[in-house]
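J.: sharing a sequence plus its predicted fold:
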Amino acid sequence: VVRTSRCTPYAKYVSAPAAARLQSTASEARTDYGVTKSDMGILKNELEHCPDGEIIDPHLHIAPWFDDAETLVQELEANNVSIGLLYNPYPKDFPMPFDINEKVYEIASSSNGKIFCLASLDTTHDNWEDHKEFELNRLFGFLEKNACVLGVKLAPPNTCLPLTSPIISDILERLNQHDGNNKVLAVHIGTTLMCGPLGKQFGVKCNCSEEYIDPRHLEPYVKSYPDITYALLHSGHEFLPPDEDCYYDFKFVNECIAMAKEYPNVYLSLSAIFAQNPDGTLKYPGGFELVKKMKQEGVAHKVFWASDQSWVKGSIRPALIVAIKAMIEAGFTQEERTWSLNGCTRKAFRF
């Protein structure tokens with residue numbers, strides 16, 4: 001039995017008053033997030049070790065403050081990021097003024113090689129079979145533009161798409177048959193704030209029950225389609241407090257790490273894990289412990305840094321610095337940190 005609900009993947013697609021409140025958070029004045037001279041020295045060291053001084057951020061979303069490549073590239077440069085990867089899922093029941101794939105491709109293709117993108121499709125139709133061919137053709141039509149479209153993005157809890165759904169099978173079967181180097185699936189694994197009080201506040205309905213976030217549901221595909229790279233975004237992290245129904249005490253972090261350790265085509269991201277409040281405090285607990293566990297379990301070479309912080313200007317660099325500090329504290333070597341900030345992303349997304 002699959003529970004269904006009217007669901008919207010991001011709060012920016014909610015009612016006009018709610019959207020206005022979120023717009024104000026996205027355009028608020030810059031803050032230093034408590035970044036110190038010592039922090040900047042740490043970042044400077046990492047930049048000096050990265051090839052060509054390039055740090056890559058492979059987790060960016062469309063936000064109200066930019067509408068073109070130039071604006072986004074300037075913001076990345078201001079946050080010491082050289083290259084970005086942009087993507088969004090298709091929302092349900094909220095018509096957009098643009099097509100998601102067309103928009104991210106427009107930005108990526110006009111960025112002079114500074115922005116790449118992932119393609120998606122609308123999996124929220126009440127009757128998937130009636131829309132299956134159109135949606136798959138739309139997705140794979142953009143995958144043909146492989147100069148800057150590097151793979152597929154899915155956000156199961158945000159779009160109420162169970163990982164047990166036959167839709168997942170349809171997508172991965174076609175992706176396995178795809179004749180291109182961009183056979184990559186980036187998939188949100190972990191809970192989302194929209195399953196908690198924030199979602200209730202804005203009237204957003206998502207689903208964070210186990211069939212939407214347990215990476216083991218992907219394991220049969222990982223085994224059957226070894227030529228596909230699976231990037232487990234957020235690495236199963238907890239974004240809900242312990243008193244919420246959909247809190248799993250980092251159970252799926254352990255599963256993600258175990259899968260990355262077992263399968264050569266599975267990679268892990270640090271996206272959103274080091275998001276911060278304006279005073280520099282972390283929004284979500286457990287990030288330092290997660291990175292330590294990655295090191296202890298021997299999967300440091302399977303971990304790529306990503307921010308998922310493009311919604312608020314000026315928030316990418318603070319998340320980057322704290323992630324670097326977490327890696328240092330966990331015992332990541334200089335080589336492993338450099339790999340996380342550049343090389344692992346290039347390998348996972350096949351730049």
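T.: Yes, it's here.
J.: which SS class is residue 88?
T.: In terms of secondary structure, residue 88 is coil; the call rests on DSSP: H, G, I helix; E, B strand; the rest coil.
J.: and it, how many neighbours?
T.: Under the neighbour criterion other C-beta atoms under 10 Å, residue 88 is assigned a count of 23. In this view, the C-beta of every residue, glycine as well, is placed from N, C-alpha and C.
J.: now do residue 279
T.: Neighbourhood size, residue 279 [other C-beta under 10 Å]: 9.
J.: excluding sequence neighbours, find me the nearest residue to it.
T.: When the adjacent residues along the chain are set aside, residue 279 lies closest to residue 34, with 6.3 Å between them (C-beta to C-beta, 6 or more residues apart in numbering).
J.: surely that neighbour is in contact with residue 277?
T.: No. With contact defined as C-beta atoms under 8 Å, residue 34 does not count as touching residue 277 (9.5 Å).
J.: hang on, the earlier thing: for the residue nearest to residue 279, what are its contacts?
T.: 279-280, 318 (C-beta atoms under 8 Å, 6 or more residues apart in numbering).
J.: between those, which sits nearest residue 252?
T.: Comparing those against residue 252 with C-beta to C-beta picks out residue 318 as the nearest, at 25.7 Å.
J.: which secondary structure element is home to the closest one?
T.: helix 316-330 (DSSP states H and E).
J.: can you pull up the bridge partners for the closest residue to residue 259 other than its chain neighbours?
T.: Closest residue to residue 259 apart from its sequence neighbours, by C-beta to C-beta, 6+ apart: residue 266 at 4.9 Å. Legend: beta-bridge partners of residue 266 under DSSP bridges are residue 230.
J.: who are the contact partners of residue 266?
T.: Residues counted as contacts of residue 266 (C-beta under 8 Å, 6+ apart) are 222, 230, 232, 259-260, 302.
J.: so what's the residue count around residue 336?
T.: Every residue meeting other C-beta under 10 Å relative to residue 336 is counted, giving 19.
J.: and for residue 181?
T.: The burial count for residue 181: 11, using other C-beta under 10 Å.
J.: can you check residue 295 too?
T.: 18.
J.: pretty sure it is touching residue 329, no?
T.: No. With contact defined as C-beta under 8 Å, residue 295 and residue 329 do not form a contacting pair (9.5 Å).
J.: next, give phi and psi for residue 188.
T.: When quoted as degrees, to the nearest 10, the phi and psi of residue 188 stand at phi -70, psi 120.
J.: tell me how far it lies from residue 208.
T.: Counting by C-beta to C-beta, to the nearest Å, the gap between residue 188 and residue 208 amounts to 11 Å.
J.: anything in contact with each of these two?
T.: Between them, residue 188 and residue 208 have residue 157 as joint contacts when contacts are counted by C-beta under 8 Å, 6+ apart.
J.: state the phi and psi torsions of the closest residue to residue 150 other than its chain neighbours.
T.: Sequence neighbours aside, residue 349 is the residue nearest to residue 150 in space, at 4.7 Å (criterion: C-beta to C-beta, 6+ apart). Backbone geometry at residue 349, expressed as degrees, to the nearest 10, gives phi -100, psi 10.
J.: per-residue pLDDT of residue 349, please?
T.: In this model, residue 349 is scored at 98, pLDDT.
J.: lowest-pLDDT helix or strand in this structure?
T.: helix 16-26 (a mean of 42; mean pLDDT, DSSP states H and E).
J.: from residue 142, how far out is the residue nearest to residue 259?
T.: For residue 266 relative to residue 142 (C-beta to C-beta), the value is 24 Å.
J.: now the helices for the stretch 151-300 of the chain?
T.: 156-159, 166-177, 197-202, 210-213, 219-224, 251-262, 287-296 (DSSP state H, counting those that start in this stretch).
J.: okay, the ones you listed, which one's buried deepest?
T.: helix 156-159 (a mean of 26; mean count of other C-beta atoms under 10 Å).
J.: any idea how far that one is from the chain center?
T.: For helix 156-159, the gap between its own C-alpha mean and the chain's C-alpha mean amounts to 12 Å (C-alpha atoms, centre = their mean, to the nearest Å).
J.: and if you look at stretch 308-315?
T.: 13 Å.
J.: before we move on, what about stretch 282-301?
T.: Averaging C-alpha coordinates over stretch 282-301 and over its chain gives two centres that are 17 Å apart (C-alpha atoms, centre = their mean).
J.: could you do stretch 146-163 as well?
T.: Computed by C-alpha atoms, centre = their mean, the separation of stretch 146-163 from the middle of its chain amounts to 9 Å.
J.: in the host helix or strand of residue 70, which residues are buried?
T.: Secondary-structure assignment from DSSP H and E places residue 70 in helix 69-78. For helix 69-78, the neighbour count (16 or more other C-beta atoms under 10 Å) marks 69, 72-73, 75-76 as buried.
J.: quick check, nearest of these to residue 89?
T.: So of the buried residues of helix 69-78, ranked by how close each gets to residue 89 (C-beta to C-beta), first place is residue 72, at 18.5 Å.
J.: residue 86 contacts residue 108, doesn't it?
T.: Yes. The pair residue 86 / residue 108 is scored as a contact, 6.1 Å apart, by C-beta under 8 Å.
J.: mind listing what the closest residue to residue 302 other than its chain neighbours touches?
T.: Taking C-beta to C-beta, 6+ apart, and ignoring the residues beside it in sequence, residue 302 has residue 260 as its nearest neighbour in space, at 4.3 Å. Contacts of residue 260 were listed using C-beta under 8 Å, 6+ apart, and they are 232, 266-268, 299, 302-303.
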